[in-house]
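Enquirer: Build me a model:
(2 chains)
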Amino acid sequence: MLDQQRDYVLRTVEERGVRLIRLWFTDVLGNLKSFAISPAELENALEDGMTFDGSSIDGFSRIQEADVLAMPDPNTFEVLPWGDPKAVEARVFCDIHNLDGTPFEGDPRQVLRRNLRAARDQGFTFYVAPDIEFFYFAPPERGQAPQPLDEGGFFDLTTTDVSGTLRKETIRTLETMSIPVEYSFHEDSPSQHEIDLRHTDALSMADSIMTFRLVVKEVAAKQGVHATFMPKPLEGLQGSGMHLHLSLFDGEQNAFHGDGDAYNLSPVAKHFMAGLLRHAAEITAITNQTVNSYKRLVPGFEAPVHISWARNNRSGLIRVPIPKRGNPSATRIEYRSPDPATNPYLAFSVLLAAGLKGVAEGYELPVEADANLFEMDDAALGKLGIDTLPQSLSDSLKVMEQSTLVREALGEHIFEWFLRNKRTEWREYKTHVSQFELNRYLRAL
Amino acid sequence: MELVAVFPEPPPPDLARTLDLAGYRWKAVASADEAARHEPATGWAGAVVCCDQDPDGAWAFCRALRKRDTPVAPLLVLVSGGQLADLELRDELFDDFCLTPFHPSEVEARLRHLFFRGGTEQRPEMVEYSGLALNLETYQASIEGRPLDLTYMEYELLKFLAQNPGKVFTREMLLSRVWGYEYYGGARTVDVHIRRLRAKLGEEHANLIQTVRSVGYRFGQSRWGS
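Expert: Next comes the predicted model:
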């Protein structure tokens, strides 16, 4: 099978006249990294991988050995639909290995592979469908507030034309790159958009999200527009989330579907949800990894604040959507806290680990919280046993630090590096004197 | 004559005896990997695959031998009466078959005939269906002359469907025939790939692949014209 795939890639490069092959991988913070090789080197790269110096990549640095090996995954080979048609380019995702061929523990894609293998050993495949929100702005200038396209004549065309065209072009490009789109629409905030992707297995989906972020930015940049996945770019308006619809399949069967339950949820689904709820605080640093992420997780903006679940309560962390036409295979849960600035490989890893822990230990699902939690005070919530998500990056890191679950899911290397890197981010933020403070204190004190 | 590959390792004793008596030089191998390791410089002269004990392993073995630059041929499979259905849609994986328990002189006669013909027949190199063209030699697909850029599995799925137009396949069938038994992704994978293929075929050709409710998928028009 592998030989056949390699052969397919090599022939396609030849037949389509591909001039450059981009080898893609992801650093620990979720940034897409790339280096390019010529077709002449491709056969070698597919066979033996390409060695490169990992020390300049965030989270790849080690003390003894800087060199790592990028092994292209031929199944992800795809001709890029943009660029010069006379000098076609293609991309292929890579797994990073140590020089001795073992998986490199600093590679998020390898981390997700390891977690998916653990699920498979229990008979499960993990499926994910994200709803990704983002903003279009005028190209930002340093220190200036973001300027939405919908306001203030940035374009001669009417706003619906510009963002509508951008979105249509984005979807066309995504579809030609094997990323099917389910819905897309203009979101609540000015210049905010949402694109929902159709579910697929978690590894393909993590790759797809990496591709998605690039496509959205590329298509916008061609029109002189800046697209951003920053979780909360505009104060007082809704931020950008990335709700994740999760399900486990056991062969053709949706393992979350159960007959005879009020919500058609199986025991596996309930234990999985219980796992997510119990470990939610520990994994929040991964699903919401920036200082800015926590400005989105506040009451009043349809972003979750409390660690709770409900069939249809958008203030909770987990929602159980009603499957279309009662289709059992569409049974799923929606985990609502992540934002689109997360590293999808790591986010899927910790979500899966938390859920499976609940399944393995048979955690009991707390009662549904169907009242609007935003309107309750802490005492009332406490009575229901409902906690809140960590309130800042610093809080998240403190909980994560104590978590065996996250340490095991990520592996020692990424766990340690991530905490170190993010503590530095928090320290830098803490020493910053903000406009808020100047406005509030400079004259008054 | 060069070596003939025989699966499994060890082969059934009466098969070993039959091959010896018929004067074949052969080597039993337990897996495709092992077949690759022991392959003579001039390639295997052919293969005899017994599906009796481990049918999944046997078909995976055939697949590995056939899906490579120079497919191993001729390839004779030995199946029991209950396994005859497994032959369906696997025509490209073998050249002839023989029922088990077999009669030694039948195996001998079939092998002699296969070797006389000198390998496989010419297989068609182009598959065409209402604007869609697949060049099996170069792996290139096009629709109305426009190249289709497909991932490997998308290409394999489209090829399989286009080679069997008008036939309805369940997800399980597609999974086992296109992905092979080694794949654990589950039948959902089929839906995901069908959805991607339709998007790449474009709106006006997306209906080349039809969903057959609560059964599976069909490529092109049904044989009964509906």
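Enquirer: Apart from its neighbours in sequence, what residue is nearest the most centrally placed residue in chain B?
Expert: For chain B, the residue whose C-alpha lies nearest the mean C-alpha position (Cα atoms, centre = their mean) is residue B:93; its distance is 3.6 Å. Nearest residue to residue B:93, sequence neighbours excluded (Cβ to Cβ, 6 or more residues apart in numbering or on different chains): residue B:62, at 4.3 Å. For glycine as for every other residue, the C-beta is placed from the backbone atoms N, C-alpha and C.
Enquirer: ok, then the element right after whatever helix or strand that neighbour lives in?
Expert: For residue B:62, the host element (DSSP states H and E) is helix B:55-66. Using DSSP H and E, the helix or strand that follows helix B:55-66 towards the C-terminus is strand B:75-80.
Enquirer: What are the buried residues along that next one?
Expert: Neighbour counts using 16 or more other Cβ atoms under 10 Å in any protein chain shown place B:75, B:76, B:77, B:78, B:79 of strand B:75-80 among the buried residues.
Enquirer: So for the closest residue to residue A:59 other than its chain neighbours, what's the pLDDT?
Expert: With Cβ to Cβ, 6+ apart as the criterion, residue A:59 has its nearest non-adjacent residue at 2.7 Å, and that residue is residue A:28. At residue A:28, the predicted lDDT confidence score is 96.
Enquirer: Same question for residue A:261.
Expert: Reported pLDDT for residue A:261: 85.
Enquirer: do the same with the one 5 residues further on
Expert: Residue A:266 is assigned a predicted lDDT (pLDDT) of 95.
Enquirer: contacting residues for it?
Expert: A:255, A:256, A:257, A:258 (Cβ atoms under 8 Å, 6 or more residues apart in numbering or on different chains).
Enquirer: Out of those, flag the one nearest to residue B:104.
Expert: residue A:255 (49.4 Å; Cβ to Cβ).
Enquirer: Spell out which parts of the stretch 51-200 of chain A neighbour chain B.
Expert: A:74-79, A:81, A:120, A:125, A:127, A:175-176, A:178, A:180, A:198-200 (Cβ under 8 Å from any Cβ of the partner chain).
Enquirer: and if we set it to 7 Å?
Expert: A:74-75, A:77-79, A:120, A:125, A:127, A:175-176, A:178, A:180, A:198, A:200 (Cβ under 7 Å from any Cβ of the partner chain).
Enquirer: Filter those down to the buried ones and express that as a ChimeraX selection.
Expert: Here is the ChimeraX command that picks out the buried ones among these, judged by 16+ other Cβ under 10 Å:
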select /A:74,75,77,78,79,125,127,175,176,178,180,198,200
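Enquirer: would CSV of the residues of the stretch 51-200 of chain A next to chain B with secondary structure be doable?
Expert: Formatted as CSV, these follow (DSSP: H, G, I helix; E, B strand; the rest coil):
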residue, secondary structure
A:74, helix
A:75, helix
A:77, coil
A:78, strand
A:79, strand
A:120, helix
A:125, strand
A:127, strand
A:175, helix
A:176, helix
A:178, coil
A:180, coil
A:198, coil
A:200, strand
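Enquirer: re the thing from before, could I get the buried residues of strand B:75-80 in a markdown table, plus columns for pLDDT and distance to residue A:23?
Expert: Shown next, in a markdown table, are those (pLDDT from 0 to 100; distance: Cβ to Cβ, whole Å):
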| residue | pLDDT | distance to residue A:23 |
| --- | --- | --- |
| B:75 | 93 | 37 |
| B:76 | 94 | 43 |
| B:77 | 95 | 40 |
| B:78 | 94 | 45 |
| B:79 | 93 | 44 |
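Enquirer: For the stretch 151-300 of chain A, just list every one of the strands.
Expert: A:181-186, A:192-197, A:200-201, A:226-228, A:242-250, A:253-254 (DSSP state E, counting those that start in this stretch).
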